[in-house]
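# Sharing a model that was predicted from the sequence below.
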Amino acid sequence: MKRLALAALLLASPAGAAGFDEFQVYDGRTVEPGVPDLNIHMNAGRRGRLGDGAPRNGLLATAELGIATAPWHAVALLLPFAREFSGDTYGGGFKLRNSFVTPGADTRLFGYGLDLEIGHQSVRFAEANLALTLRPIIAVRTGPWQLILNPSVVFPLGQDGPVFAPSVRGVRQVAPVVWLGVEHYMEFGRLDRPEAPRGQSHQLFVTTDIKVSNRFALHLGLGHGLTQASDRWLGKMILSVDF
């Protein structure tokens, strides 16, 4: 079965403010080569920051279609759109992600990989129209426990310098088809000019993953911001389908 989907995409913050381009932890697992998969991301909540940019309060939905080309490589296309609670709707451009991973990562004590993601989005969704994300994947598994780290760096092409935005996830299997987890998403600002603590984003989620069947998996999460620069309450859901 495809890797359990771990989170949903969110809207980027306006330029100059701390925030996340997405809430998603990657653990290095992929589908069987040649097998397509579909993730439907839905995310809704009230956000702490106001101003120009993407909708602050509303729903983000993303269709993610992926396929593994080899045991160590997968590619995915993401197509987001947003709808404010007021009723306004916005298209979110696209993202193209290439994942290079350790084959059989879900059976190893230590797994690793790298995601290369290019995104073309309007200023409503991202600080720069074109951005490149380098997302290392470090995963440790022992018994029912997993710890996954993504020390990501985002390069807004043609804009300011790269931004350090790591994320970490701890998860425990509590039943044959159920996992409980905690996720922490951080953004410290530019590598050469980090934000002061009050300007950093820190978002904490509690999550559950359920393997509904060999083809379907469900991810649910509830998150809250830990700083003034973070979002308020957020709910997320992903339905994963393997064909």
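It's in. Numbering: from 1, shown residues only.
# how many neighbours does the nearest residue to residue 108 once chain neighbours are set aside have?
Closest residue to residue 108 apart from its sequence neighbours, by CB to CB, 6 or more residues apart in numbering: residue 102 at 6.3 Å. Backbone N, C-alpha and C define where each C-beta goes, glycine included. Applying other CB atoms under 10 Å, we find 18 residues neighbouring residue 102.
# Distance of residue 102 relative to residue 30?
Residue 102 sits 10 Å away from residue 30, going by CB to CB, to the nearest Å.
# cool, and residue 197?
37 Å.
# Who has more neighbours out of those two?
Just comparing residue 197 and residue 30: by other CB under 10 Å the higher neighbour count belongs to residue 30, 27 against 11.
# Could you measure from that one over to residue 144?
Relative to residue 144, and taking CB to CB, residue 30 is found at 22 Å.
# Next: residue 198.
Residue 198 is 37 Å from residue 144, by CB to CB.
# just residue 175 next, same as before
Taken as CB to CB, the span from residue 175 to residue 144 is 10 Å.
# My guess is the residue nearest to residue 108 contacts residue 111. True?
Yes. Shown here, residue 102 and residue 111 form a contact pair, counting by CB atoms under 8 Å, at 4.5 Å.
# Now do the shared contacts for those two.
Residues touching both residue 102 and residue 111 by CB atoms under 8 Å, 6 or more residues apart in numbering: residue 28.
# how much space between the nearest residue to residue 106 once chain neighbours are set aside and residue 201?
Distances taken as CB to CB, 6+ apart place residue 29 nearest to residue 106, at 4.8 Å, with adjacent residues excluded. Distance from residue 29 to residue 201, counting by CB to CB: 27 Å.
# pLDDT-wise, which helix or strand of the chain ranks last?
The least trusted helix or strand in the chain, going by mean pLDDT, DSSP states H and E, turns out to be strand 89-91, with a mean of 82.
# All set now, cheers.
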